[in-house]
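**Q** next come a sequence and a model predicted from it.
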Amino acid sequence: MVAILKSGLPEMRPLRNEEIPQVAALEARAYEFPWSEGIFRDCVRAGYNCWVLVREESLIGYGVLSVAAGEAHVLNVCVSPDAQGQGQGRRLMRRLMDLARWHRAERIFLEVRPSNPRAIQLYHSLGFNEIGRRPNYYPATRGREDAIVMALELFSDTDAD
């Protein structure tokens, strides 16, 4: 634990109920069409895996993962705009991927806006592949924006042996 603190890496841990307003505030700073506090509360209530990154008592990122019926779905990942480009999104995604494996999910899905090339590049670098599109999925300034649907196979047939 001391080595982690000395390395300067933010603490990663499950979201606490009292942090939901901070998560919603970060969401509102990072996204034009943010989730509400109520949505985050519903995710916690539903038992989704909700994790945060905290640096010096300041929340700098979070991720939300749903797992059911052998599949996982990344519902939301966000890193504070002032902490982006430091590998924190990759750390959050790796944690969510590890949680999906721990829950024995066979694959993990996510949606991403085509207008978010940095996220798309991150997901590709983690092994995700585009498997489809959801037309008019996201609200946008001028109407709606499609979603790119991406997936990653977590277990092959040989992993089950």
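**A** Nice, thanks for sending it over. Worth saying up front: this structure is predicted, and the values here are computed from it rather than measured. Residues are numbered from 1 along each chain as shown.
**Q** and what about residue 131, helix, strand or coil?
**A** Assigned by DSSP: H, G, I helix; E, B strand; the rest coil, the conformation of residue 131 is strand.
**Q** tally up the residues packed near it, please.
**A** Burial of residue 131 is recorded as 12 neighbouring residues (other C-beta atoms under 10 Å). (C-beta placed from N, C-alpha, C; glycine too.)
**Q** so it sits against residue 150, correct?
**A** Yes: Residue 131 is within contact range of residue 150, at 6.6 Å (criterion: C-beta atoms under 8 Å).
**Q** what about the helices in this protein?
**A** 2-7, 20-30, 37-45, 88-102, 117-125 (DSSP state H).
**Q** mean neighbour count and distance to residue 66 added to those helices, as CSV?
**A** Compiled in CSV, these are given as follows (neighbours: other C-beta atoms under 10 Å; distance: least, C-beta to C-beta, whole Å):
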stretch, mean neighbour count, distance to residue 66
helix 2-7, 8, 28
helix 20-30, 17, 16
helix 37-45, 15, 8
helix 88-102, 19, 10
helix 117-125, 14, 17
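**Q** okay, the ones you listed in CSV with mean pLDDT next?
**A** CSV is the format used below for the helices of the chain (pLDDT from 0 to 100):
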stretch, mean pLDDT
helix 2-7, 43
helix 20-30, 96
helix 37-45, 97
helix 88-102, 97
helix 117-125, 96
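**Q** need those helices in a markdown table with distance to residue 140, can you?
**A** Output for these, formatted as a markdown table (distance: least, C-beta to C-beta, whole Å):
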| stretch | distance to residue 140 |
| --- | --- |
| helix 2-7 | 39 |
| helix 20-30 | 16 |
| helix 37-45 | 19 |
| helix 88-102 | 22 |
| helix 117-125 | 16 |
